[in-house]
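Visitor: Here is a sequence with its predicted model. Questions after.
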Amino acid sequence: MAFQAIKYNVEETDIVIESNSHDTYENIYFTTEILEKHDIEDIIIVTSNYHQRRTLLTAQHLWENHNPPIKIQTVGAIGNYFDSNYWWKNEDQRYFVLSEWGKILYSMVTGKYYKTTPITWIPKI
């Protein structure tokens, strides 16, 4: 996703990539150390467009008491692998969207933003 930012004239020195994580929770958790190391209080998270909402909710959860507060913005990455206008017409894209919704619902109902939620399988429609 960094290449897209560079394509839109973001300086490479302004891009920080966290590469130790395996999932959304870990990505945001490990990003905290990077933000603190570089005194960053304003962040733009670039992720898949279907993944933006859960990313934002997880970041808000993990950083809700961060001092100083972290201003968070998410941006959907541009790509040809996901069509936000017709996602329901493609089996893989339906899976991505429904899986995200299930994970968001789980977090909202339980208040838990674990590394891995028990929602790991969505039946094919």
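Guide: Sure, I can see it.
Visitor: which element is I43 on?
Guide: Here I43 is covered by strand 42-47, with elements defined by DSSP states H and E.
Visitor: after that strand, next one along is what?
Guide: helix 52-63.
Visitor: what packs against that next one?
Guide: Packed against helix 52-63 by the contact rule (3 or more CB pairs under 8 Å, 6 or more residues apart in numbering; DSSP states H and E) you find helix 24-37, strand 42-47, strand 71-76, helix 91-110. (Each C-beta comes from the backbone N, C-alpha and C, glycine too.)
Visitor: Out of those, the one nearest H61 is which?
Guide: Smallest distance to H61 across the helices and strands packed on helix 52-63 (CB to CB): 7.6 Å, for helix 91-110.
Visitor: and the residue most central in space within the chain, what pLDDT?
Guide: The central residue of the chain, meaning the one whose C-alpha is nearest the mean C-alpha position (CA atoms, centre = their mean), is T55 at 3.1 Å. In this model, T55 is scored at 92, pLDDT.
Visitor: next one: I43
Guide: So, for I43, pLDDT stands at 90.
Visitor: shouldn't it be in contact with L35?
Guide: Yes. At 6.6 Å, I43 counts as touching L35 under the criterion of CB atoms under 8 Å.
Visitor: Show me whatever sits in contact with both of the two.
Guide: Each of I70 lies in contact with both I43 and L35 under the rule CB atoms under 8 Å, 6 or more residues apart in numbering.
Visitor: Quick one: low-confidence residue ranges for this structure.
Guide: Counting by pLDDT under 70, the chain contains low-confidence residues at 80, 114-125.
Visitor: How many residues are close by L105?
Guide: 12 (other CB atoms under 10 Å).
Visitor: how much space between it and F82?
Guide: In this structure, L105 and F82 are 20 Å apart, going by CB to CB, to the nearest Å.
Visitor: which residues does H38 contact?
Guide: With contacts defined as CB under 8 Å, 6+ apart, the neighbours of H38 are V16.
Visitor: Ramachandran angles for it?
Guide: Dihedral angles of H38 (phi, psi; degrees, to the nearest 10) stand at phi -100, psi 10.
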